[in-house]
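S.K.: please find the sequence and the predicted model below.
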Amino acid sequence: QVQLVESGGGLVEAGGSLRLSCAASGRVFRINIMGWFRQAPGKQRELVASINSSGRPNYADSVKGRFTISRDNARNTVYLQMNSLEPEDTAVYYCNAFAQTYSSSNWEDYWGQGTQVTVSS
(Lines give C-alpha, C1' and ligand atoms only; values in the text may rest on other atoms or scores of the structure.)
Protein backbone atom coordinates (compact mmCIF):
# COMPACT_ATOMS: atom_id res chain seq x y z
CA GLN A 1 0.00 0.00 0.00
CA VAL A 2 1.83 3.06 1.32
CA GLN A 3 5.13 2.98 3.15
CA LEU A 4 6.47 5.93 5.13
CA VAL A 5 10.19 5.97 5.87
CA GLU A 6 11.53 8.48 8.36
CA SER A 7 15.08 9.68 8.87
CA GLY A 8 16.97 12.38 10.73
CA GLY A 9 16.44 11.59 14.38
CA GLY A 10 19.24 11.45 16.90
CA LEU A 11 20.80 12.90 20.03
CA VAL A 12 21.29 16.65 20.35
CA GLU A 13 22.01 19.09 23.16
CA ALA A 14 19.39 21.54 24.34
CA GLY A 15 19.28 24.53 22.02
CA GLY A 16 20.38 22.48 19.05
CA SER A 17 18.61 21.57 15.83
CA LEU A 18 17.54 18.48 13.93
CA ARG A 19 15.75 17.96 10.63
CA LEU A 20 13.41 15.02 10.15
CA SER A 21 12.41 13.71 6.74
CA CYS A 22 9.66 11.29 5.73
CA ALA A 23 9.18 9.89 2.26
CA ALA A 24 6.03 8.08 1.13
CA SER A 25 6.33 5.29 -1.40
CA GLY A 26 4.28 2.43 -2.80
CA ARG A 27 0.98 2.71 -4.60
CA VAL A 28 0.44 6.33 -3.64
CA PHE A 29 -2.20 8.07 -5.73
CA ARG A 30 -2.45 11.27 -3.78
CA ILE A 31 -1.78 12.58 -0.29
CA ASN A 32 -3.88 15.14 1.51
CA ILE A 33 -2.46 15.95 4.93
CA MET A 34 1.03 14.93 6.06
CA GLY A 35 2.19 15.42 9.59
CA TRP A 36 4.41 14.57 12.50
CA PHE A 37 3.29 13.14 15.82
CA ARG A 38 5.41 12.29 18.85
CA GLN A 39 5.14 10.01 21.83
CA ALA A 40 7.22 10.36 24.97
CA PRO A 41 7.52 7.52 27.51
CA GLY A 42 4.35 7.20 29.56
CA LYS A 43 2.50 9.77 27.48
CA GLN A 44 -0.04 9.65 24.69
CA ARG A 45 0.87 10.29 21.10
CA GLU A 46 0.36 13.94 20.24
CA LEU A 47 0.29 16.03 17.10
CA VAL A 48 3.39 18.14 16.56
CA ALA A 49 2.69 19.68 13.17
CA SER A 50 0.75 18.99 10.00
CA ILE A 51 0.59 20.44 6.52
CA ASN A 52 -2.05 20.10 3.82
CA SER A 53 -1.51 19.63 0.11
CA SER A 54 -1.62 23.40 -0.44
CA GLY A 55 1.20 23.93 2.03
CA ARG A 56 -0.84 25.33 4.89
CA PRO A 57 0.81 24.36 8.19
CA ASN A 58 -0.63 23.71 11.61
CA TYR A 59 1.44 23.53 14.81
CA ALA A 60 1.03 22.45 18.39
CA ASP A 61 1.37 25.41 20.72
CA SER A 62 4.42 23.85 22.36
CA VAL A 63 6.47 24.01 19.13
CA LYS A 64 5.25 27.23 17.51
CA GLY A 65 8.14 29.48 16.62
CA ARG A 66 10.68 26.65 16.98
CA PHE A 67 9.60 23.99 14.48
CA THR A 68 8.84 24.38 10.78
CA ILE A 69 7.02 21.82 8.68
CA SER A 70 7.30 21.72 4.89
CA ARG A 71 6.61 19.28 2.09
CA ASP A 72 7.65 18.43 -1.44
CA ASN A 73 4.56 17.15 -3.23
CA ALA A 74 6.53 15.94 -6.24
CA ARG A 75 8.56 13.65 -3.96
CA ASN A 76 5.73 12.81 -1.52
CA THR A 77 8.05 13.95 1.24
CA VAL A 78 7.47 15.93 4.41
CA TYR A 79 10.12 17.61 6.54
CA LEU A 80 10.25 18.90 10.09
CA GLN A 81 12.94 21.42 10.94
CA MET A 82 13.34 21.53 14.70
CA ASN A 83 15.27 24.43 16.23
CA SER A 84 15.85 25.50 19.83
CA LEU A 85 15.24 21.96 20.98
CA GLU A 86 14.35 21.37 24.61
CA PRO A 87 14.60 18.22 26.75
CA GLU A 88 10.78 18.16 26.72
CA ASP A 89 10.94 17.50 22.97
CA THR A 90 12.46 14.07 23.64
CA ALA A 91 10.19 11.45 22.11
CA VAL A 92 9.71 9.02 19.27
CA TYR A 93 8.55 11.02 16.27
CA TYR A 94 6.13 9.41 13.83
CA CYS A 95 5.32 10.50 10.31
CA ASN A 96 1.68 10.36 9.24
CA ALA A 97 0.00 10.64 5.85
CA PHE A 98 -3.67 10.73 4.95
CA ALA A 99 -3.56 9.19 1.52
CA GLN A 100 -5.34 7.44 -1.30
CA THR A 101 -3.82 4.55 -3.24
CA TYR A 102 -4.28 3.31 -6.78
CA SER A 103 -5.84 0.16 -5.32
CA SER A 104 -8.70 1.83 -3.48
CA SER A 105 -10.73 5.04 -3.49
CA ASN A 106 -10.67 5.09 0.31
CA TRP A 107 -8.64 7.65 2.19
CA GLU A 108 -6.61 6.08 4.97
CA ASP A 109 -4.08 7.02 7.62
CA TYR A 110 -0.58 5.63 7.20
CA TRP A 111 2.23 5.70 9.75
CA GLY A 112 5.99 5.48 9.72
CA GLN A 113 7.97 3.27 12.07
CA GLY A 114 9.13 6.19 14.19
CA THR A 115 12.47 7.86 14.78
CA GLN A 116 13.94 8.67 18.19
CA VAL A 117 14.76 12.26 19.08
CA THR A 118 16.65 12.76 22.33
CA VAL A 119 17.51 16.21 23.67
CA SER A 120 20.01 16.34 26.51
CA SER A 121 20.03 19.13 29.09
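M.R.: Great, that's in hand. Given the structure is predicted, the values throughout are model-derived calculations rather than measurements.
S.K.: wait, doesn't Leu20 sit right on Leu80?
M.R.: Yes. Here Leu20 reaches Leu80: they are 4.3 Å apart, a contact under CB atoms under 8 Å. Backbone N, C-alpha and C define where each C-beta goes, glycine included.
S.K.: got any residues that touch both of those two?
M.R.: Common contacts of Leu20 and Leu80 (CB atoms under 8 Å, 6 or more residues apart in numbering): 36, 93.
S.K.: Thr118 and Leu11: what is the separation?
M.R.: Per CB to CB, to the nearest Å, Thr118 is found 5 Å from Leu11.
S.K.: with Pro41 instead?
M.R.: 16 Å.
S.K.: between the two, which one's more packed in?
M.R.: Leu11 (12 against 7; other CB atoms under 10 Å).
S.K.: could you look up the SS state of the more buried one?
M.R.: strand (DSSP: H, G, I helix; E, B strand; the rest coil).
S.K.: spit out the contact partners of it.
M.R.: Neighbours of Leu11 in contact, by CB under 8 Å, 6+ apart: 118-120.
S.K.: ok, 10 Å please
M.R.: Residues near Leu11 by CB atoms under 10 Å, 6 or more residues apart in numbering: 18, 90, 116-120.
S.K.: do Arg38 as well
M.R.: By CB under 10 Å, 6+ apart, the contact set of Arg38 is 45-49, 60, 62-63, 80, 89-94, 114-115, 117.
S.K.: go on, Arg75?
M.R.: 21, 23-25.
S.K.: residues near Ser103, how many?
M.R.: Neighbours of Ser103 under the rule other CB under 10 Å: 11.
S.K.: contact partners for it?
M.R.: By CB under 10 Å, 6+ apart, Ser103 lies in contact with 1-2, 26-27, 29.
S.K.: tell me the pLDDT at it?
M.R.: With respect to pLDDT, Ser103 scores 87.
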